[in-house]
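J.: dropping a prediction and its sequence here:
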Amino acid sequence: MSLLDIWLGILQGLGTTAAVTAYGLVFAVPFALVFGVAQYLTHGVARLLVTGVIEFWRSSSVIILLFVFYYALPVVGVTLSALTVSAMVLGLNAGGYASQAVRAGLQAIPTGQKEAGAALGLSRPAILLLIELPQALVAMGPTFVNTLIQLVKATALVSLVTLTDMTFRAKEIAQVEYNPVAIYTALLLAFFVVCYPIALAGRWLEARVAAPGSRSGGI
């Protein structure tokens with residue numbers, strides 16, 4: 001097989017890679033927002049509990065989590081599809097990292113803006129939703145793009161739970177064509193072709209955020 005034939009064969013798994021990434025975002029984005037905000041607002045024991053959940057998903061081995069949720073849970077009567085397990089594990093892992101960007105973005109907003117909102121009679125939830133989160137989300141845009149890239153690259157692991165993604169297709173081809181240099185070079189190229197446009201979008205977004213007047217000045 002030529003390098004082009006190998007590459008086209010690998011791209012047959014692109015649909016699965018895209019599905020895991022899209023489904024993973026369904027887990028990653030809400031987790032990052034909810035737990036990032038919770039870590040920002042809570043104190044004491046409550047904050048320790050929130051941080052513990054974040055660190056479990058952020059610090060645990062993704063491979064081990066895949067094995068536990070796909071192979072071990074059925075032993076106790078809980079069976080999830082390979083797609084659901086992959087999206088959940090990769091998404092929550094990415095969400096754990098992104099939650100720290102949410103927390104840091106909220107903490108970076110000047111205290112004076114919260115005080116101004118309170119002076120206008122806004123409640124604490126209103127200040128969070130109307131003043132803090134909109135500014136923080138703009139600043140966090142590039143970080144979320146980087147998280148998306150990490151999520152795409154992490155899909156290379158889902159072949160371990162039988163999903164026919166691009167990595168799985170590369171392994172199938174390798175069983176027929178013993179040409180590891182060509183096969184894994186083609187796989188590397190396939191991931192680059194998918195991730196590089198996302199990286200370019202992240203640079204554009206970062207430039208927009210950094211441009212004068214591109215961010216809201218708050219109240």
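T.: Good, I have the coordinates.

J.: so in the protein, where's the weakest helix or strand by average pLDDT?
T.: Among the secondary structure pieces of the chain, namely its helices and strands, helix 111-119 has the lowest mean (mean pLDDT, DSSP states H and E), a mean of 82.

J.: need the CA coordinates for that helix. CSV is fine.
T.: What follows is the C-alpha trace of helix 111-119 in CSV, where atoms were taken according to Å, rounded to 0.1, in the frame of the first residue of the first chain:
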residue,chain,number,x,y,z
THR,A,111,-12.8,43.0,43.0
GLY,A,112,-14.0,46.5,42.2
GLN,A,113,-16.4,45.2,39.6
LYS,A,114,-18.1,42.9,42.1
GLU,A,115,-18.4,45.8,44.5
ALA,A,116,-19.8,48.0,41.8
GLY,A,117,-22.5,45.4,41.0
ALA,A,118,-23.4,45.1,44.7
ALA,A,119,-23.6,48.9,44.9
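
J.: show me what the next helix or strand after that helix is packed against.
T.: Using DSSP states H and E, the helix or strand that directly follows helix 111-119 along the chain is helix 124-127. Using 3 or more CB pairs under 8 Å, 6 or more residues apart in numbering; DSSP states H and E as the contact criterion, the elements in contact with helix 124-127 are helix 111-119. C-beta: built from backbone N, CA, C; applies to glycine.

J.: list the buried residues for the helix it packs on?
T.: Buried residues in helix 111-119, counting neighbours by 16 or more other CB atoms under 10 Å, are found at Gln113, Lys114, Gly117.

J.: between the residues you listed, which sits nearest Ala199?
T.: Of all the buried residues of helix 111-119, the one with the least separation from Ala199 (CB to CB) is Gln113, at 31.8 Å.

J.: strands of the protein, residue ranges please.
T.: In the chain, no segments count as strands under DSSP state E.

J.: in it, which residue is closest to the centre?
T.: The geometric centre of the chain, computed from its C-alpha atoms, lies nearest to Ala94 (CA atoms, centre = their mean), at 3.7 Å.

J.: please identify the buried residues of the longest helix along the chain?
T.: Using DSSP state H to define each element, the chain has its longest helix at helix 180-210. Residues of helix 180-210 classed as buried: Ala182, Ile183, Tyr184, Ala186, Leu187, Ala190, Phe191, Val194, Gly202, Leu205 (neighbour count, 16+ other CB under 10 Å).

J.: doesn't Ala72 make contact with Thr79?
T.: No - taking CB atoms under 8 Å as the definition, Thr79 is not a contact partner of Ala72, at 11.0 Å.

J.: state the number of residues packed around Leu92.
T.: Look at Leu92: counted by other CB atoms under 10 Å, it has 25 neighbours.

J.: contacting residues for it?
T.: With contacts defined as CB atoms under 8 Å, 6 or more residues apart in numbering, the neighbours of Leu92 are Phe27, Ala28, Phe31, Trp57.

J.: with adjacent residues omitted, what lies nearest to it?
T.: In space, not counting the residues next to it along the chain, Leu92 is nearest to Trp57; the distance is 4.3 Å by CB to CB, 6 or more residues apart in numbering.
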